[in-house]
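Visitor: have a look at this prediction, sequence included:
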Amino acid sequence: MSEKETSEVEATKVDQVESKEETKEDAGDESTTVAEVKAEVAKEKVGSSSESLEDRLKNFNWDTLGNGVEDEETYTPEERAELEIIYENSLTSIEEKDILDGLIVTMTKKEVVVNIGYKSDGIIALTEFRYNPDIKVGDSVEVFIENKEDKFGQLILSHKKARTLKAWRKLNEVLETGEIITGFVKCRTKGGLIVDAFGIESFLPGSQIDVKPIRDYDDYVGKEMEFKVVKINQEYRNIVVSHKALIQAELEKQKVVIMSNLEKGQVLEGTVKNITSYGVFIDLGGVDGLVHITDLSWGRVNHPEELVELDQKVNVVILDFDDKKKRIALGMKQLSAHPWDALDSKLKVGDTVKGKVVVLADYGAFLEVAPGVEGLIHVSEMSWSHHLSAAKDFFNIGDQIEAQVLTLDRDERKMSLGTKQLAPDPWMEIEKKYTIDSEHTVAVRNFTNFGIFVELEEGIDGLVHISDLSWTKKIKHPSEFIAVGEKLKVKVLEVDSENRRLSLGHKQLETNPWDEYADKYKEESIHTGKIVEVLEKGARIILPEDVEAFIPTKHLLKEDGSTAKMGESIAVKILEFSKDSKKIIASHSRSYSDQVEDVKAKGSSSSKPDEKGKGKGKGKGKSSTSKDVQDLRKGLEKTTLGDLDVLSSMKEALEKAEKGDKPGDDKS
């Protein structure tokens, strides 16, 4: 390296040091001077040149350093390389993301300049030191190397990241070691508090503040407390701390001592610690016990808050306890006499009592006849009506009502009551009021598969069996006949006051038409009807006067070979008539086949020659056949237009039979 280049390097280093020196003088730091730097530069040249150090310093023109004035003095390449190595070794070696200690050399209104011994100083925003308003020049601070050199050649540092990273490492160590730390409660949040631990916000759940339930979190805000780190979520970088864990171990020791001294029946004083819908937790001095809501009072309790309040001192008796599970069952009502013991000894079944409705259920209502003494009014004992409703349809909570004692068991402490017994029983006069064959108009209440239940009056119900709805119609379900809520005229058929049953009928209001049907629908008679339903084994057909008959499948065959279908009107012959079972069996195929056979049989018989003369047979046969056809046509019932198609084939067969007699007669 030439003398000129060497001079320029030395001049540059001196300028940098002078600049630092000026800064340090302002801050009161006089640790480095230009003379010292000159001496350092001189030492770097020792051994690299045959010229003595004193001669080089004496001959070096310091006035031209940095002024652009060329100097004839130069360094050899070997000297320059050695100087660069010495210079690099004089600087601190750093890597990005390292945490180092730095020295504050300058402070402005917005920035803090920190020297970490690197070739350039780093700049940190003053806002990162907001937590420490007393910071000043010369203080040592921790810094995080974000970037050794940005695009402007500037060293980028961060004090906040250094504190956070160091605190995170510290908290992880504390979690492993179980060390107790001190934190500052900053504010409350949903479900707990926010704690500042080493500059990192941590969460303190409400359940981990103390062994006792905390009612006001604000009492802890702004306080310093000791904590134990119980959980760290590395992925979301969440930290959970606990203050309760510090005293939990001591409490466990106390529990063992207390549990060892417990006895059933022992009476203790405790403090109401927590109130729930199902009971009260009592603090017995380090161990908790539960008074279930049913053990608070002999009377009915809707919520424990009606009897106790938080922090109240109460006496309790130990009912049971479990050493392994550390559970204690307590009672309060057991400290007083049972109300049933004070119940009037003269009270007996049949007496009338007065009380207040305290509970309503679907099956009944509970009536408090004395403090702690209740009786049940079942819903069936509220009204003489058979249509049972919910208890809320009769009473409301708080109603003052009278009831009759139905059962009384002092040993089991149970009592059943009834209110309908205070009103007259409508079934007592049922036989006088609803005599046999008397007619009434009733309301349809509900259906069953076998009939209709109707109400004659409140408490009086009757049954109309499905078979007593109609003389002629086959009803599968009562809903086909009438709707719920409609009025229906009925006749009383039977009264059973002992079993409280009333049998009614609707069809009995009319005369039995089957007496007339027996003459009209005789077997072998022919009628016209309409198919209303096709079944698996046949079809239902409605005959005149809404009389129903059944046609088996094989008897639905028409003359053309097809089967009669739904909605068709056809002629049928009665095969069977039963008045007792109200059943009619009919046939369509027999309605035409039998008639044709009869006609043919008569025609064949009349076509034979008379024994007295050959010529008489011809004329007699023709006359006889024509007469039979006319009689058959007259015997048929009048038909509708729809019946003409059904009987057209029958007509043609009869006419052919009539014409067919002539050739037979001639041949004979």
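Guide: Nice, I can see it. Numbers count the residues shown, from 1 in each chain.

Visitor: what pairs with the one helix or strand residue 402 maps to, and is each one parallel or antiparallel?
Guide: Per DSSP states H and E, residue 402 falls inside strand 400-409. Sheet pairing here is set by DSSP bridges, and for strand 400-409 it gives strand 352-361 (antiparallel), strand 414-418 (antiparallel).

Visitor: contacts for stretch 338-350, please.
Guide: Here stretch 338-350 makes contact (CB atoms under 8 Å, 6 or more residues apart in numbering) with 298-299, 353, 370-373, 404-408, 410, 413. Where you see a C-beta, it was placed from the backbone N, CA and C, and this is true even at glycine.

Visitor: first to last residue in it, what's the distance?
Guide: 24 Å (CA to CA, to the nearest Å).

Visitor: equivalent analysis for stretch 117-136, please.
Guide: End-to-end distance (CA to CA), stretch 117-136: 19 Å.

Visitor: tell me the pLDDT at residue 332?
Guide: The model reports residue 332 with a pLDDT of 90.

Visitor: neighbours around it, how many?
Guide: Applying other CB atoms under 10 Å, we find 19 other residues in the vicinity of residue 332.

Visitor: hmm, residue 299 and it touching each other?
Guide: No: using CB atoms under 8 Å, residue 332 is not in contact with residue 299, being 11.9 Å away.

Visitor: does residue 577 lie in a helix or a strand, and which?
Guide: Residue 577 belongs to strand 569-578, assigned by DSSP H and E.

Visitor: summarise which helices and strands that strand is packed against.
Guide: Packed against strand 569-578, as judged by 3 or more CB pairs under 8 Å, 6 or more residues apart in numbering; DSSP states H and E, are the following elements: strand 526-534, strand 538-543, strand 547-552, strand 583-587, helix 589-606, helix 641-659.

Visitor: go through those and find the least confident stretch.
Guide: helix 641-659 (a mean of 52).

Visitor: buried residues in the one helix or strand residue 453 maps to?
Guide: Taking DSSP H and E as the definition, one finds residue 453 inside strand 451-457. For strand 451-457, a neighbour-count test (16 or more other CB atoms under 10 Å) marks 451, 452, 453, 454, 455, 456 as buried.

Visitor: now these in CSV, with pLDDT and distance to residue 223?
Guide: As requested, these are exported to CSV (pLDDT from 0 to 100; distance: CB to CB, whole Å):
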residue, pLDDT, distance to residue 223
451, 91, 80
452, 90, 78
453, 90, 74
454, 88, 78
455, 85, 74
456, 83, 79
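
Visitor: is residue 503 bridged to anything, and to what?
Guide: If you apply DSSP bridges, the partners that residue 503 bridges to are residue 463, residue 494.

Visitor: so what's it up against?
Guide: Residue 503 neighbours (CB under 8 Å, 6+ apart): 462, 463, 465, 492, 493, 494, 495, 496.

Visitor: shouldn't the first one be in contact with residue 445?
Guide: The one in question is residue 462. No: at 9.7 Å, residue 462 does not count as touching residue 445 under the criterion of CB under 8 Å.

Visitor: helices along the stretch 101-250 of the chain, start to end?
Guide: 159-177, 244-260 (DSSP state H, counting those that start in this stretch).

Visitor: in terms of mean pLDDT, which of these ranks lowest?
Guide: Minimum mean pLDDT among those: helix 244-260, a mean of 77.

Visitor: for it, which positions count as buried?
Guide: So, applying 16+ other CB under 10 Å, buried residues of helix 244-260: 244, 258, 259.

Visitor: before we move on, what about stretch 324-339?
Guide: Result for stretch 324-339 [16+ other CB under 10 Å]: buried residues 328, 329, 330, 331, 332, 333, 334, 339.

Visitor: all strands of the stretch 251-400 of the chain, in order?
Guide: 267-275, 279-283, 288-292, 313-322, 327-331, 352-361, 364-370, 373-378, 400-409 (DSSP state E, counting those that start in this stretch).

Visitor: could I get those strands as a markdown table with distance to residue 124?
Guide: A markdown table is the format used below for those (distance: least, CB to CB, whole Å):
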| stretch | distance to residue 124 |
| --- | --- |
| strand 267-275 | 50 |
| strand 279-283 | 52 |
| strand 288-292 | 53 |
| strand 313-322 | 59 |
| strand 327-331 | 58 |
| strand 352-361 | 72 |
| strand 364-370 | 76 |
| strand 373-378 | 77 |
| strand 400-409 | 81 |
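
Visitor: between these, which one is nearest to residue 571?
Guide: strand 373-378 (63.0 Å; CB to CB).

Visitor: pretty sure residue 191 contacts residue 204?
Guide: No: the criterion here is CB under 8 Å, and residue 191 misses it with residue 204 at 9.7 Å.

Visitor: so between those two, which is more surrounded?
Guide: residue 204 (28 against 11).

Visitor: can you pull up the bridge partners for the more buried one?
Guide: Here residue 204, judged by DSSP bridges, has bridge partners residue 193.

Visitor: check contacts around it.
Guide: 185, 192, 193, 194, 195, 227, 240, 241, 242, 243.

Visitor: with residue 415 instead?
Guide: 369, 373, 374, 375, 376, 405, 407, 408, 409.

Visitor: can you list the weak-confidence ranges in the stretch 51-200 of the chain?
Guide: 51-74, 88-93 (pLDDT under 70).

Visitor: for residue 148, see how far away residue 84 is.
Guide: Residue 84 sits 18 Å away from residue 148, going by CB to CB, to the nearest Å.

Visitor: quick check: the gap between residue 473 and residue 505.
Guide: 14 Å.

Visitor: list the buried residues for stretch 521-531?
Guide: Buried, per 16+ other CB under 10 Å, within stretch 521-531: 521, 526, 527, 528, 529, 531.

Visitor: what about residue 550, neighbour count?
Guide: Residue 550 has 19 nearby residues by other CB under 10 Å.

Visitor: and it, how far is that from residue 458?
Guide: 43 Å.

Visitor: need the strands for the stretch 101-250 of the chain, in chain order.
Guide: 111-115, 122-125, 140-147, 155-158, 180-189, 192-197, 200-205, 224-233, 238-242.
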